[in-house]
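Asks: what's the 3D shape of this:
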Amino acid sequence: MFYHPSRPAVKCTFSGFVSNLRRQLHPTPQSRRMSMIAHAAGPVDVATFKRDAFDVEKPLVMPRVEADSLPAARKWFTSHQGRTTLTPYLMTYSDLMFPYEFILTPPQETDFAHLDLVRWLSTSGGPYAALAPMLEANIRSLPPRSKETQFLQFDAPLALLDAAIQFGGDRDFGHHPQKLYIAQAPLDMLPDALRDDVPTPTLVKEAGKGDVYNSSIWLGLEPTYTTWHRDPNPNLFCQMCSSKVVRVLPPQHGEQVYIEVLRGLGLPASPRIRGAEMMQGKEKQALQDAIWGDDAPYEIKEAVLGPGDTLFIPKGWWHSVKSLEDDGRLNASVNWWFR
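Replies: Numbering: from 1, shown residues only. From the prediction side, this is the model:
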């Protein structure tokens, strides 16, 4: 991901920039209903997609149309007694390495509350036990007794996610949900068989120039969260497992929110500089409050995406994404940036 030199801590309150956002972007009263992103009434072909979304640069939700053609949705995940897990088919690739994000919240009783997962791995036997030293070393690389959420990035095999899912279902082991997320893993890193399970949608191939800039898998345990940002290319986002909520603003308004938040924190307000600081500390919390709090801008629009739903996000539109639930269940998405 993106890193920048650490900045000194800034003491401030959020009331100043929140009130400024309220004044400039006119949020409605707290009780207002959120405006929804436009939904397609039925199947969307390329001509309809270009007319209603791509050419006019408007976001559009396409319920259970394009994503139904993703074999991964049925081949990678299985449900039993209300719990979704990874299928034996997917776990034949358990040694495949992925980029992980691990969010550690301030410990309540010990310096390393998240070492519960490490202890579970150590005592589980089998292949899971070999993951314990790697995870422990990464967790212990962070400063102890931190009063703020910490954001950790590392590479690990798919088996770690499977282990975390099993850990979450172990009712005899006291724990809270692990915020473990395979985030923005490029599809081109997948073996051919898995890549065939997430074929490029027709809309991506035919609506524009047919140029796929990048594509990614998002796979992890809820709660998941992606902070306020914009993409340099159009984005087709498909939900495969569980649900996510997306909030969007057009380029000018979205950038205004971002700049006002950073100015309120006394930080440089460049929308083109993004780093790990956006996923932890005061910057993450301020952006989250501005977009998801009671004072969210009036112009903001929202979509709730269930399995099979697809969302088109136009180039330059600002957006934030989070899981609908926060109880440790499995969540999976795939997206394509294209031109």
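Asks: quick one, helices of the stretch 1-150 of the chain?
Replies: For the stretch 1-150 of the chain, the helices defined by DSSP state H, counting those that start in this stretch occupy 15-25, 46-49, 72-75, 88-91, 115-124, 132-140.
Asks: Report the buried residues of stretch 219-231.
Replies: 219-228, 230-231 (16 or more other C-beta atoms under 10 Å). Just so you know, the C-beta spots here come from the backbone N, C-alpha and C atoms, and that holds for glycine as well.
Asks: May I have that stretch as PDB, with CA atoms only?
Replies: Taking C-alpha atoms only, stretch 219-231 is exported to PDB below (Å, rounded to 0.1, in the frame of the first residue of the first chain):
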ATOM      1  CA  LEU A 219     -11.900 -11.100   1.100                       C
ATOM      2  CA  GLY A 220     -12.000 -11.100   4.900                       C
ATOM      3  CA  LEU A 221     -13.800 -11.000   8.200                       C
ATOM      4  CA  GLU A 222     -16.400  -8.400   9.200                       C
ATOM      5  CA  PRO A 223     -16.200  -5.600  10.100                       C
ATOM      6  CA  THR A 224     -14.500  -4.500   6.900                       C
ATOM      7  CA  TYR A 225     -13.900  -0.900   6.000                       C
ATOM      8  CA  THR A 226     -12.300   1.100   3.200                       C
ATOM      9  CA  THR A 227     -11.800   4.800   3.800                       C
ATOM     10  CA  TRP A 228     -12.900   7.800   1.800                       C
ATOM     11  CA  HIS A 229     -11.000   7.900  -1.500                       C
ATOM     12  CA  ARG A 230     -11.400   8.200  -5.300                       C
ATOM     13  CA  ASP A 231     -10.200   6.100  -8.200                       C
END
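Asks: where does the stretch 101-250 of the chain have low pLDDT?
Replies: Flagging of the stretch 101-250 of the chain using pLDDT under 70 yields the residue ranges 106-114, 144-147, 170-177.
Asks: how about the strands in it?
Replies: Assigned by DSSP state E, counting those that start in this stretch, the strands in the stretch 101-250 of the chain fall at 150-157, 179-186, 212-221, 225-230, 235-241, 244-249.
Asks: Just flag the most distant two among the buried residues of stretch 219-231.
Replies: The most widely separated members of the buried residues of stretch 219-231, counting by C-beta to C-beta, are Leu221 and Arg230 (26.4 Å).
Asks: Could I get the average pLDDT for stretch 62-71?
Replies: Here stretch 62-71 scores 71 as its mean pLDDT.
Asks: helices or strands next to the lengthiest helix in the chain in the packing?
Replies: Longest helix in the chain, counting residues (DSSP state H): helix 251-264. Counting contacts by 3 or more C-beta pairs under 8 Å, 6 or more residues apart in numbering; DSSP states H and E, helix 251-264 packs against helix 15-25, strand 225-230, helix 281-292, strand 318-323.
Asks: mean pLDDT for the ones you listed: which is lowest?
Replies: Among the helices and strands packed on helix 251-264, helix 15-25 carries the lowest mean pLDDT (a mean of 43).
Asks: In space, what's closest to Ser141 - neighbours in sequence excluded?
Replies: Leu152 (7.7 Å; C-beta to C-beta, 6 or more residues apart in numbering).
Asks: and Arg33, how many neighbours?
Replies: 7 (other C-beta atoms under 10 Å).
Asks: for His80, that is, sorry about that
Replies: His80 has 8 nearby residues by other C-beta under 10 Å.
Asks: how far away is it from Pro186?
Replies: In this structure, His80 and Pro186 are 30 Å apart, going by C-beta to C-beta, to the nearest Å.
Asks: who's in contact with Leu90?
Replies: When contacts are counted by C-beta atoms under 8 Å, 6 or more residues apart in numbering, Leu90 touches 75-77, 158, 194.
Asks: Counting neighbours, which of those residues end up buried?
Replies: The neighbour-count test (16+ other C-beta under 10 Å) marks 75-77, 158, 194 as buried among the contacts of Leu90.
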